[in-house]
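Asks: The sequence isn't on hand, but the structure is:
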């Protein structure tokens, strides 16, 4: 790639700088501790939109401290050993945040393959043994992963639920669902993907799709989070359809969280 005319956006420049070698970039960032945790709020669907919890998102920095867009590297590593290492780094950051902020409730999006990894499990077990944080921890599991590995999911739920951990089904509506497996999994929450909510105020079929998903979740006793909310009109419609919670840029962008000395006031 030529850099005679680099992108004007600094984040796009960072992505272009590492194009074609995302795994090496991820490996270097992990090795050198260039990882941070960003948090993105999930709020009640009805105004005044109180915060239910924050989703924790791992962020990588380049050597100059610039955030590397997640869309640039996630797809290249998520099904590899580097993806599991990235999930473990995200877990460590999330657990550190829970220890530092006693009122923080945090979700982490994790691959089931990572959650079955012995290093990942050892990291989690050590944290749960040393601090009462399980009741403030939510694991978000992708629909495709949950449907493909039901036995592993059931094992994790049986071990972690008694320790207070909550489970959310992510990407709901974007991958095929095995209904008996969904019923057996008994998730606490489901998150409707932004692909479904994005055009919901302009397309009747999108509205029907969302309504069906919400009805299924309600029938199974699972509370619904609608993602990708960017307008007040979307928020009102999803609330009317029955979603209990909302997430999206309408309620704020993800923000990097400090893991330094304990603050005097709550940061999030």
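Replies: Done, it's in. Please read these numbers as outputs of a predicted model, since none were measured by experiment.

Asks: Give me the buried stretch members for stretch 236-252, please.
Replies: 237-239, 241-248, 250-251 (16 or more other CB atoms under 10 Å). C-beta coordinates here come from the backbone N, C-alpha and C atoms, glycine included.

Asks: again but with stretch 217-231, I slipped
Replies: Buried residues in stretch 217-231, counting neighbours by 16+ other CB under 10 Å, are found at 217, 222-229.

Asks: before we move on, the earlier item: TSV for the buried residues of stretch 236-252, including pLDDT?
Replies: Below are those laid out as TSV (pLDDT from 0 to 100):
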residue	pLDDT
237	95
238	96
239	96
241	96
242	96
243	97
244	97
245	98
246	97
247	97
248	95
250	93
251	94
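
Asks: Strands - which of these land there?
Replies: Among the buried residues of stretch 236-252, the subset assigned to strands under DSSP state E consists of 245-246.

Asks: nearest to residue 91, of the buried residues of stretch 236-252?
Replies: Distance to residue 91, by CB to CB, is smallest for residue 247 among those, at 20.6 Å.

Asks: What backbone torsions are found at the closest one?
Replies: Backbone geometry at residue 247, expressed as degrees, to the nearest 10, gives phi -150, psi 140.

Asks: go on, residue 168?
Replies: Here residue 168 shows phi and psi, under degrees, to the nearest 10, equal to phi -120, psi 140.

Asks: Next, count neighbours for it.
Replies: 22 (other CB atoms under 10 Å).

Asks: pLDDT score assigned to it?
Replies: What the model reports as pLDDT for residue 168 is 97.

Asks: Strands along the stretch 51-200 of the chain, start to end?
Replies: For the stretch 51-200 of the chain, the strands defined by DSSP state E, counting those that start in this stretch cover 51-61, 67-68, 106-109, 137-142, 166-172, 189-192.

Asks: Can you say which of these is packed in most?
Replies: With neighbours taken as mean count of other CB atoms under 10 Å, the strands of the stretch 51-200 of the chain reach their highest mean count in strand 189-192, at a mean of 26.

Asks: How far does that strand sit from its chain's centre?
Replies: Taking CA atoms, centre = their mean, to the nearest Å, the mean C-alpha location of strand 189-192 is offset from the chain mean by 11 Å.

Asks: and the longest helix for the chain?
Replies: Using DSSP state H, we find that the single longest helix of the chain is helix 81-100.

Asks: Show me which residues of that one are buried.
Replies: For helix 81-100, by 16+ other CB under 10 Å, it's 82-95, 97-98, 100.

Asks: Can you tell me what sits against that helix?
Replies: 23, 26-27, 30, 35-37, 39, 56-58, 77-78, 104, 106, 108-111, 113-115, 117, 119-120, 123-124, 127, 131, 133, 136-137, 257, 259, 262 (CB atoms under 8 Å, 6 or more residues apart in numbering).

Asks: Strand 137-142 and that helix, what's the angle between them?
Replies: Counting by axes from the mean of the first three to the mean of the last three CA atoms, to 10 degrees, helix 81-100 lies at 150 degrees to strand 137-142.

Asks: pLDDT on helix 81-100, on average?
Replies: 92.

Asks: same check, this time on stretch 56-71
Replies: pLDDT averaged over stretch 56-71 gives 88.

Asks: First-to-last residue distance for that stretch?
Replies: 16 Å (CA to CA, to the nearest Å).

Asks: now that stretch, how far from the centre of its chain.
Replies: Relative to its chain's centre, stretch 56-71 lies at 15 Å (CA atoms, centre = their mean).
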